[in-house]
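Chemist: Below: sequence and its predicted model.
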Amino acid sequence: MPKEEKVIIFDTTLRDGEQTPGANLNTREKLEIARALALLGVDVIEAGFPFTSPGDFEAVRTVGQEVKGVTICALARSLSQDIDCAAEALEGIEDARIHVFIGTSPIHRKHQLRKSKSQVLKMARDGVKRARGFTSNVQFSPMDATRTEGPFLIEVLEAAIEAGATTLNIPDTVGYAMPESFRELITRLREEVEGIEKTVISVHCHNDLGLAVANSLAAIKAGAGQVECTINGLGERAGNASLEEIVMALATRKDFFNKITRIRTQRLYPTSRLVSALTGILVQRNKAVVGENAFAHESGIHQDGVLKEPTTFEIMKPEDVGLVKSKLVLGKLSGRHAFIARVKELGYELDEEALEHAFNQFKALADKKKDIYDEDIAAIVEEELVEVPEVFAIESFHTTSGTGTIPTATVRMRIADGSVVQDAACGDGPVDAIYKTIDRITGFKGDLADYHIRAITGGKDAMGEVTLEVRHQGKIVHGRATSTDIIDASAKAYLAAINRIEAAKERAKSR
Ligand code: KIV
Ligand code: ZN
């Protein structure tokens, strides 16, 4: 077998992934994810689209300044103002890339850009040239490439190469490609685009037909040297190709692909968890590689086989993706050192203040719960990493419910201006009653669009994790909280979403 080649892993969780409805992240949360991605071993982090918002600009800048050992990429349309803004956000960052894109398909040219082929061609060439004025690392994407006429796609790619693009990314923007046709497309481009051998061919596949990973792997088989992907497959609509699935397919079927990546696969599960906690987007139970059921065996025959020899029904080892059996680590008598050491072993980085707060939370939990597992510690730490401004905070609450009684809640809340307000309301149940009371106090008008509750570990004293989405003025905003009391977790998760909305309003006012 010839020597294996490396596939560059380009992670776009912080850019395309953040375009998932409800997955709004602030700069600090993006930084935590970027740190985790660097630890995971991705080669490139697309940290944002600076021209679209001050938040994206700041995120690219902060991630670039704080996260080392990885290329930091910023996205820009093929327009001067976008490219200059991306370059400004990346200024001073040693290992930086500008990613320039323009729609090339007939549909995009006609309806979105209202431009002719020659205008699009010129914009692509000018955009790449302008980006090259700032950095020698320029990636170009003809958006909706898979619905672009073959000869025009080739023409645009040749223009981009001539203008100095070093990576050519072929996006299947609407998830339209089939693995066989995508493989043929990459093969054709490798054969027909002049100068393509001087560049890295990349692919960016969306999952509208559930084929994003299959298409990405087909492209790798055809010689693509880079894949764009996201943790948990987050992204626009049905999402992007899932990083963990691509990486584990390459690792598990090395006999077929003969490719390697730099990914430390044992960091896949912790990174997936972190991204889920910070974005508020839950991972489906049966998701490949990182879903809760990915290594669960239900049928007797399977269980019997796995007990005798795991490879009978497992093609990957749970520990290879970082899914280690939860250890009973700490209890009431465990000290600060033991707690901090375990937090570090789990791969989290917290500053002094956050560590202190997390330790106090751990102590409070240990008073209520006898055994504390890794999952409990992860939940405590992840709460520290989520940064929700406290416009409203619950001081205390009381609920009554039961058969033959009207569920009622009384809530006392502190508001950012220092005032304390209390109110009460009835509802269909204690959670509904507390939400109605919070609405009365905060004046929030919106809908609860989604609500999930799960136990973090086994046992009747387990912590409950509530993840929810509220819809406000057409936007979805998430909230998440954990507590040994599920009414407390429900109230805090709801308030987290309201606080995010309030913070966004404040930011909009100050602009
Ligand atoms: O889906 C897409 O085409 C994109 C481009 C910006 C690469 O996200
Ligand atoms: Zn995309």
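Modeler: All right, it came through fine. Ligands and ions are numbered 1, 2, ... in the order given.
Chemist: Any chance you could list what contacts whichever strand or helix holds Ile161?
Modeler: Of the helices and strands defined by DSSP states H and E, Ile161 is found in helix 150-163. Helix 150-163 is touched from outside by 104, 117, 120-121, 124-129, 132, 140, 142, 145, 148, 168, 188-189, 192-196, 198-199, with contacts defined as Cβ atoms under 8 Å, 6 or more residues apart in numbering. From N, CA and C alone the C-beta is placed, and that goes for glycine too.
Chemist: now swap in stretch 426-445 and tell me
Modeler: Everything outside stretch 426-445 that qualifies as a contact, by Cβ under 8 Å, 6+ apart, is 392, 397, 399-401, 406-411, 413, 421-425, 448, 472, 487, 490-491, 494-495, 498, 501-502.
Chemist: if we can go back for a sec, tell me the gap between the helix holding Ile161 and the middle of its chain.
Modeler: Taking Cα atoms, centre = their mean, to the nearest Å, one finds helix 150-163 lying 32 Å from the centre of the chain it belongs to.
Chemist: Next, the buried residues of it.
Modeler: Judged by neighbour count (16 or more other Cβ atoms under 10 Å), helix 150-163 contains these buried residues: Phe152, Leu153, Ile154, Glu155, Val156, Leu157, Glu158, Ala159, Ala160, Ile161, Ala163.
Chemist: Can you measure across stretch 81-97, start residue to end residue?
Modeler: Taking Cα to Cα, to the nearest Å, the first and last residues of stretch 81-97 lie 17 Å apart.
Chemist: ok, that stretch near ligand 1 or not?
Modeler: No. Stretch 81-97 stays out of contact with ligand 1 when judged by Cβ under 6 Å from any ligand atom, the minimum separation being 11.3 Å.
Chemist: Ok, stretch 56-67 next?
Modeler: No. Residues of stretch 56-67 are not located near ligand 1 by Cβ under 6 Å from any ligand atom, the shortest gap being 13.3 Å.
Chemist: who in this protein is up against ligand 1?
Modeler: Residues of the chain lying close to ligand 1 by Cβ under 6 Å from any ligand atom are Asp16, Phe101, Ser141, Met143, Asn169, Pro171, Thr173, His204, His206.
Chemist: For burial, what's the neighbour tally of the residue nearest to Gly103 when sequence neighbours are not counted?
Modeler: Using Cβ to Cβ, 6 or more residues apart in numbering and skipping the chain neighbours, the partner closest in space to Gly103 is Met143 (4.3 Å). A count of neighbours around Met143, defined by other Cβ atoms under 10 Å, yields 21.
Chemist: Now do the contacts for Met143.
Modeler: For Met143, the contacting residues are Phe101, Ile102, Gly103, Thr104, Ser105, His108, Pro171, Thr173, taking Cβ under 8 Å, 6+ apart as the criterion.
Chemist: Among those, name the ones in strands.
Modeler: With strands defined by DSSP state E, the entries of those inside them are Phe101, Ile102, Gly103, Pro171.
Chemist: Mind checking which of these are buried?
Modeler: Among the ones in strands among the contacts of Met143, those classed as buried by 16+ other Cβ under 10 Å are Phe101, Ile102, Gly103, Pro171.
Chemist: For the residue nearest to Gly103, give me phi and psi.
Modeler: When quoted as degrees, to the nearest 10, the phi and psi of Met143 stand at phi -60, psi 140.
Chemist: what do you get for Asp450?
Modeler: phi -160, psi 150.
Chemist: so what's Pro179 closest to, chain neighbours aside?
Modeler: Nearest non-adjacent residue to Pro179, counting by Cβ to Cβ, 6+ apart: Ala218, 3.9 Å away.
Chemist: Identify the spatial nearest neighbour of Val386, chain neighbours not counted.
Modeler: In space, not counting the residues next to it along the chain, Val386 is nearest to Leu278; the distance is 6.0 Å by Cβ to Cβ, 6+ apart.
Chemist: now stretch 359-367: how far from the chain's centre is it?
Modeler: Per Cα atoms, centre = their mean, the centroid offset for stretch 359-367 relative to its chain is 29 Å.
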